[in-house]
Every structure is written in structure tokens, then in C-alpha cells.
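Asks: The amino acid sequence is not available; the structure is as follows:
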Ligand SMILES: *Cc1c(COP(=O)(O)O)cnc(C)c1O
């Protein structure tokens with residue numbers, strides 16, 4: 001497929017506006033987020049990963065346990081966060097049919113050493129947190145909801161992230177509302193909230209150089225996040241990585257081992273607060289478009305669109321598709337990945353299969369996670385993916 005002049009981003013980011021950059025009076029970022037989520041207060045950190053580090057550090061101080069159970073298919077940063085805290089990673093395979101932790105495997109993974117279990121709302125989908133809570137409680141472990149990709153997702157009318165002991169969201173580029181990098185930490189437990197704040201106060205420093213860097217990156221994002229310029233910022237490096245046969249670099253799974261830990265600066269918070277007014281409308285718009293496109297995609301033979309349980313309404317940064325087999329998935333990607341249409345992959349591998357994570361993760365038998373990595377692809381739900389673009393994707397899938 002010929003490369004187009006425009007570049008569709010792989011996820012639906014809330015389009016930035018120049019006037020977001022000018023701080024205004026009004027509710028702060030954390031006030032907006034608390035009201036949006038329906039919780040008393042929210043703690044801001046410099047990334048979703050940093051929020052997880054603060055959470056793990058706090059829980060470890062409370063309980064002393066060391067093992068963290070995470071999905072075998074998730075963001076590599078989750079594994080790096082566990083390692084950063086000096087804790088021990090234990091992988092749990094996915095259920096055969098979707099994003100949830102496999103209940104039997106989770107029960108087997110849970111013992112008296114387990115500090116926390118991390119059910120994950122992958123791809124904006126709403127995960128089965130209730131089952132994870134029941135199994136975790138039985139061994140006295142905490143539950144941390146990884147809602148990094150699901151800011152705005154709801155279950156039974158309530159924001160995800162609040163059923164477990166705590167939850168976190170990402171404000172990174174590509175995950176919706178962004179401060180270039182940022183994270184939000186939530187809990188309904190007042191005592192735990194105080195402990196999380198204490199960890200942040202004691203362990204998270206101001207870092208002028210990091211804040212300056214992130215502020216410049218946020219400015220660059222405002223300048224370049226448009227269809228005509230994204231091919232320089234996103235498309236060209238993507239196609240270079242694909243030409244080099246490096247899919248891990250192509251999706252940006254190649255994270256540095258060191259996790260930056262610093263406060264989220266005042267100006268970037270103000271930018272996030274300004275953008276917040278547009279978020280609910282944007283998410284509703286994404287949901288409408290996803291509902292329509294989802295049924296079109298699902299009507300193609302051999303294509304499954306991962307959805308939500310009844311009573312749950314996830315967010316739709318992209319549509320996560322599962323195909324029958326890896327060969328067909330790869331054939332589709334050979335034509336569409338790099339074509340500028342916003343077709344991509346979620347994480348490339350199950351965690352044990354990243355060469356650069358070998359020392360952190362170790363070897364695990366996780367066949368369902370591996371099959372999931374091998375048969376899924378993503379279709380952007382960006383408003384910039386127009387009907388002709390979407391039709392071209394469907395035609396190729398057919
Ligand atoms: C992005 C992501 C994280 C980490 O969030 P950052 O803000 O990028 O640090 C954690 N978990 C999942 C599932 C993610 O997608």
C-alpha cells in the first residue's frame with residue numbers, strides 16, 4: 001500500500017490546542033481528575049510507571065511481602081517498575097480468550113509471599129477485577145489495577161481503578177489526555193492515600209532538568225501532533241524500525257532500564273487541566289466511532305474485536321483485533337503497518353520474550369500470553385482515520 005501524505009497515530013490522543021499552554025484560573029489537574037473519576041482526591045506522578053513504583057514502595061512498606069504478580073502480556077515498564085523496587089516478579093498467564101488473568105493460573109501464583117496482584121485494563125478494555133480481588137484476598141495480597149490505558153473506562157457505572165486497593169492511569173503521549181509523561185494514582189482508602197502521599201514526599205524529588213525536558217517535549221507534541229506532521233515525528237522512525245526488522249523499536253517497547261522519578265511540574269499540570277474540558281466529549285466521540293467500526297470489523301470472517309463484559313464501558317483509543325493465526329496477522333501487518341493508516345501492534349511479545357528483559361523477567365511457560373501477542377493487531381480509533389482509510393483497512397482484512 002502506498003505511503004500516504006498524512007499519518008494516522010496508532011491511538012486516539014486528545015488533540016492538543018495551543019491555548020492549553022497558557023495556565024488559567026480554575027480547577028487543577030488533580031481536581032479535574034478526581035471529579036471525573038468520582039473519588040475524593042488523586043495523586044499525580046511523573047508517569048504511570050512512577051505511579052506504580054510509588055504504589056509498590058508503599059505497599060511493601062506496609063506488608064513486607066516481596067512478590068508481585070503481573071500479566072504475562074503487559075507493558076514492559078510494569079516489569080521494570082517491579083525490578084526498580086527490588087521486588088520479585090511472578091508472571092500469570094492470560095485466560096485463553098482475552099485480556100484477563102487466567103483464574104486458575106492466578107490462584108496457583110498466589111501464596112503468602114505475594115505483595116500485590118496487578119489486573120490490567122489493557123487497550124481500554126475493562127478487565128475482570130472482581131475475580132482477581134477474590135483470589136488475592138484469599139492469600140492476603142493487595143490488588144493494584146493497572147488502568148494506564150483506560151482513563152475514562154467504567155464498570156457498573158464506576159470508573160475502573162477504584163475496585164482494587166489502588167489503581168493508576170497514564171498521561172503519557174498516546175494514552176489520551178497527556179502531559180507528555182504523567183500518571184495518576186487513586187485509592188478509596190483514606191489511610192492508604194496518606195501513605196501514598198508520604199512515599200511521594202519522601203522518595204520523589206523535584207528535578208529541574210527532567211521537568212525542562214518534558215516541558216520541551218510537550219511543546220514539541222503540540223507542534224507536531226497533526227496529520228501532516230506526524231509522519232516526521234512518528235511515521236518516519238516507525239518505517240525505519242520496520243525496515244530494520246525491529247518490531248520492538250517500531251512500537252516503542254524498548255524502554256530504558258532506569259525509571260525517571262521526579263515530580264510532575266506545575267506548568268504541565270496546568271496544560272493538562274486546560275485540556276481536561278475537552279476529554280469527556282472526545283471520549284464519547286471515540287466510543288461512537290468505535291461502536292460503528294467495531295461491528296464492521298467483526299463482520300469480517302476470522303476477525304474478532306476484543307470487547308468488554310456486560311455492564312462495562314471501556315474507552316477506545318484503538319480497536320484490538322484478534323485473528324485466527326499468526327501467519328494471517330503477519331500478512332495483514334506486512335501490508336498495513338507502516339502504511340500511515342494507524343494500524344499497529346500492542347506490545348510485541350509476552351514479557352519473557354523480550355531479549356532486553358531477560359534478566360528482569362526470566363523464563364515462564366505462558367502459552368496464552370504468547371498466542372495473544374502472536375495473533376493480535378490494533379486499528380487506530382483516531383478521529384483522523386477517515387472513512388476511505390478505514391475502508392482500505394477493512395478491504396485488506398477481507
Ligand atoms: C503505558 C503503560 C504503563 C506505564 O505508563 P507510563 O505512563 O507510560 O509510564 C503501564 N501499564 C500499561 C498497561 C501501559 O500501557
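Replies: Cool, got the structure. Not measured: the values here are computed from a predicted model.
Asks: per-residue pLDDT, residue 1?
Replies: Note on residue 1: pLDDT of 49.
Asks: quick one, what contacts the residue in the chain positioned nearest to the ligand?
Replies: At 2.5 Å from the ligand, residue 48 is the closest residue in the chain, using C-beta to the nearest ligand atom. For every residue, glycine as well, the C-beta is placed using N, CA and C. Contacts for residue 48 (C-beta atoms under 8 Å, 6 or more residues apart in numbering) come out as 77, 146, 148, 168, 169, 170, 171, 172, 175, 182, 183.
Asks: residues near the residue lying closest to the second one once chain neighbours are set aside, how many?
Replies: Spatial nearest neighbour of residue 146, chain neighbours left out: residue 120 (4.0 Å); criterion: C-beta to C-beta, 6 or more residues apart in numbering. When neighbours are defined as other C-beta atoms under 10 Å, residue 120 has 26 of them.
Asks: How much space separates residue 120 from residue 77?
Replies: Using C-beta to C-beta, to the nearest Å, we find residue 120 at a distance of 12 Å from residue 77.
Asks: ok, now residue 64?
Replies: For residue 64, the distance to residue 77 - C-beta to C-beta - is 25 Å.
Asks: So between these two, which is more surrounded?
Replies: residue 77 (23 against 8).
Asks: wait, isn't residue 396 in contact with residue 333?
Replies: No: using C-beta atoms under 8 Å, residue 396 makes no contact with residue 333, being 10.1 Å away.
Asks: how near is the residue nearest to residue 146 to residue 345?
Replies: On the measure of C-beta to C-beta, residue 120 and residue 345 end up 17 Å apart.
Asks: Which of the residues in stretch 62-77 are classified as buried?
Replies: Buried residues in stretch 62-77, defined by neighbour count with 16 or more other C-beta atoms under 10 Å: 65, 67, 68, 69, 70, 71, 72, 73, 74, 75, 76, 77.
Asks: for stretch 267-278, same thing?
Replies: 267, 268, 269, 270, 271, 272, 273, 274, 275, 276, 278.
Asks: per-residue confidence at the third one?
Replies: With respect to pLDDT, residue 269 scores 98.
Asks: quick one: contacts of the helix or strand it falls within?
Replies: For residue 269, the host element (DSSP states H and E) is helix 266-276. Helix 266-276 is contacted by residues 14, 16-17, 19-24, 26-33, 36, 44, 171, 177-180, 182, 211, 214-215, 218 when judged by C-beta under 8 Å, 6+ apart.
Asks: Where do the strands of this structure begin and end?
Replies: Secondary structure of the chain (DSSP state E): strands located at 43-45, 67-71, 88-92, 114-117, 142-146, 154-155, 158-159, 166-170, 183-186, 303-305, 312-313, 318-323, 343-344, 376-380.
Asks: how about the residues of the stretch 151-300 of the chain near the ligand?
Replies: 170, 172, 181, 183 (C-beta under 6 Å from any ligand atom).
Asks: same question, the stretch 1-150 of the chain
Replies: Residues of the stretch 1-150 of the chain lying near the ligand (C-beta under 6 Å from any ligand atom): 47, 48, 49, 74, 75, 77, 78, 120, 122, 146, 148, 149.
Asks: Contacts only, for the fifth one.
Replies: By C-beta under 8 Å, 6+ apart, the contact set of residue 75 is 146, 148, 347.
Asks: do the third one as well
Replies: Listed by C-beta under 8 Å, 6+ apart, the contact set of residue 49 reads 77, 78, 80, 81, 183, 259.
Asks: Which of the residues you listed are buried? Put it as a PyMOL command.
Replies: This is the PyMOL syntax for the buried subset of these, where burial follows 16+ other C-beta under 10 Å:
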select buried, resi 77+78+80+81+183+259
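Asks: Can I get the contacts of residue 49 in TSV including distance to residue 304 and pLDDT?
Replies: Below are these laid out as TSV (distance: C-beta to C-beta, whole Å; pLDDT from 0 to 100):
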residue	distance to residue 304	pLDDT
77	27	98
78	25	98
80	30	98
81	31	98
183	31	98
259	34	96
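Asks: out of the contacts of residue 49, which are inside helices?
Replies: 77, 78, 80, 81 (DSSP state H).
Asks: Quick check: the two most widely separated of these?
Replies: Farthest-apart pair in the ones in helices among the contacts of residue 49 is 78 and 80; separation 7.3 Å (C-beta to C-beta).
Asks: In the chain, where is pLDDT below threshold?
Replies: In the predicted model, the chain carries pLDDT under 70 at residues 1-4.
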